[in-house]
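In: have a look at this fold, sequence not included:
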Ligand code: NOJ
């Protein structure tokens, strides 16, 4: 039956066949005939019918007419785009949402172009579409993979209901530099945690079946090392060694590929002299050959064009040649492929085989998404109406939002606040902000729709006073506006101090505005912006009963607050349900369980600071001067990776280690809730390989489990370590597991735990 269909398609007149929807029906029938989802027969047929121009059209991606997430090149005008759409010279679009808009564009292509190949629609759904989850860095602080998966599921449900079938997420870039604005978009500094998060988010987006109407294709980005931009400055150079590349940067990408991620995006940055977009080693050798990745690689916005500016290509034509040869399959908004690839192939500078390979990858994704079954499968107005902002979605994002909050300090158990609190003074510009808490990457959502902290608190107590204090942030700012701080406001500080003198309990809400982090938002200071520290000190001067809630898109340097303020919560930007989530924690309806996914430095001069560093030759004070230290700052962080308190206490005891050559290393520990409140604890396991063929970090996270204990309850927590945990990439980029002695630490953060050792033979 199958071969009959194939040959009848081959022998029909191309025009008759391809013009009609009959052709698509043939393809559908073929798709159904397959038990395993292998679309190679259909793809082959299609390739056979496509002209070179049409093939290259599949590799061309345009931004929609509504929105832009990067600088728009001059050639990018609407009439040219429409002309190309109708000629079948656009394989995918980005920055279009909404069923009606997408249906119109899809129809233009399906009904008017010669072959009618449906388009992919991509969008940056970074932490939700309409219903917003916490920013990804905050979600990482939950260390709760189930909740993270659910949050991605919510995003996929809404995204697919709005006509879009592809998200440019997850960003799996590891970063150790909080100056880089995009740390808000990732999973923090650690590759092990980053791997688990990458898997959870991909599963959430793609589900079990990519062709289901409510799942979308994911995209692991940015290959590679974008999180290591020098000095944390956006789009800057990256120069790192193979150890960091293979052991820190690449593991989440590899895990993403192993989890079946549909696509990968390359990066803007130069990596060791070669711009990532033109890097054959990364895209062809590692990703496509070694890891067998079969999906498309999409460029970042205009990153093919930028090969010229990097000084790697002399003009756009050469840039296009370099990018396709390096393994970049889709050109996002550079106009390099559409303008030059046909000539490059005809001149023999680019092999048509590479074009066929790229188009095969793109078409396969379209088949997998079911677009050949029904190009409008994501265009259902009823679903769009029902699913966007669904109440179940808000429940799910509230759940992950409360789990993302990290308790840094709670002297004298100032928290939780009493629900019968008869008075509370709330100070801070961010407390009644409904916009900033939504986070930075939320281009399709509605501004000013977060539950503010004041609204959240109002659910608990009616008697509170709000004093805005100095106006710090301009809340009219949007995603594409340059961020500017407001000026000083002595009067605002004075008013807050006057109110503080009479208050019994003060809640201060401070931090960064959402648009101070994200793409293009690097900072040279990690301090509280503007006059906030001045305000905090002035209030503290007259009243020390302060709970500080931080809203931030990155680790901040808060040494004064850490020393003086009795209770501190890190609340990041928690999305739509921000106020409700923070209020639940403040009033004890949720016992905080978050742990920092990135180190909080004491001062900016320590950056990059991360827990899994190497030992120097002089780590201890062996001499007054000649040892590895600063003369004006401690080496240790203010709050280490993995740190986070609870309203209860956990006691660790009875660490046991059993080694078996066949079963691996078994590590067991007892954890007891010794307080009087139910609570969750993230039990963390760190390893140190004492001597190896290349030096190994002082410790590395190799396991964690989030457990929930009733007061007085003890649980035995078990970890199994095998090759995946004991090995590393050596200088030859080979994975090796070397015999030798290992130190183990199991505990509550990267600096505190029970220790043991074992020998691996
Ligand atoms: C540039 C960003 O680096 C990338 O992550 C994003 O997906 C594209 N713009 C598209 O908006």
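Out: In hand now; what should we look at? Predicted model only: the values in this text are computed from it and were never measured.
In: ok, now which ones touch the residue of the stretch 201-350 of the chain found nearest the ligand?
Out: Using CB to the nearest ligand atom, residue 301 is the residue of the stretch 201-350 of the chain that sits closest to the ligand, at 3.8 Å. Just so you know, the C-beta spots here come from the backbone N, C-alpha and C atoms, and that holds for glycine as well. Listed by CB atoms under 8 Å, 6 or more residues apart in numbering, the contact set of residue 301 reads 63, 69, 70, 332, 333.
In: quick check: residues of the protein near the ligand?
Out: For the chain, the contact set with the ligand under CB under 6 Å from any ligand atom comprises 69, 70, 94, 124, 168, 221, 300, 301, 519.
In: quick check: the second one is in a strand.
Out: No - assessed by DSSP: H, G, I helix; E, B strand; the rest coil, residue 70 does not belong to a strand; its assignment is coil.
In: renumber starting at 120 from here on
Out: Okay, residue one is now 120; in that scheme the one you just asked about reads as residue 189.
In: with adjacent residues omitted, what lies nearest to it?
Out: residue 420 (3.5 Å; CB to CB, 6 or more residues apart in numbering).
In: contacts for the helix or strand encompassing residue 688?
Out: Per DSSP states H and E, residue 688 falls inside strand 686-689. By CB under 8 Å, 6+ apart, the residues outside strand 686-689 that reach it are 260, 524-530, 533-534, 665-669, 671, 677, 680-681, 701, 704-705, 711, 713, 715.
In: ok, whichever residue of the chain sits closest to the ligand - how many residues close by?
Out: Going by CB to the nearest ligand atom, the ligand is nearest to residue 188 of the chain, at 3.1 Å. Around residue 188 there are 19 other residues, counting by other CB atoms under 10 Å.
In: same thing with residue 164?
Out: Residue 164 is flanked by 19 other residues according to other CB under 10 Å.
In: what helix or strand is it on?
Out: Using DSSP H and E, residue 164 falls in helix 159-168.
In: likewise for residue 271?
Out: Applying DSSP H and E, one finds residue 271 within helix 264-280.
In: helices and strands around that helix, which ones?
Out: helix 255-261, strand 285-286, helix 310-325, helix 500-506, helix 510-523 (3 or more CB pairs under 8 Å, 6 or more residues apart in numbering; DSSP states H and E).
In: list the contacts of the shortest one.
Out: Outside strand 285-286, the residues within contact range by CB under 8 Å, 6+ apart are 211, 239-245, 274-275, 278, 324, 335-338, 381-382, 484, 488.
In: what mean pLDDT does it have?
Out: Computed over strand 285-286, the mean pLDDT rounds to 98.
In: one step back: give the buried residues for the helix holding residue 164.
Out: 160, 161, 162, 164, 165, 166 (16 or more other CB atoms under 10 Å).
In: likewise for stretch 580-596?
Out: Residues 580, 583, 585, 586, 587, 588, 589, 591, 592, 594, 596 are the ones in stretch 580-596 that count as buried (16+ other CB under 10 Å).
In: confidence-wise, which of those comes last?
Out: residue 594 (78).
In: for it, what are its contacts?
Out: Applying CB under 8 Å, 6+ apart, we find residue 594 in contact with 552, 554, 555, 567, 632.
In: who wins on neighbours among those?
Out: The most crowded member of the contacts of residue 594 is residue 632, carrying 27 neighbours; neighbours defined as other CB under 10 Å.
In: correct me, but that residue touches residue 555?
Out: Yes - assessed by CB atoms under 8 Å, residue 632 is found in contact with residue 555 at 4.9 Å.
In: quickly find the element holding the closest residue to residue 878 other than its chain neighbours.
Out: Closest residue in space to residue 878, ignoring its immediate chain neighbours: residue 860 at 5.2 Å, by CB to CB, 6+ apart. In the assignment (DSSP H and E), residue 860 maps to strand 859-868.
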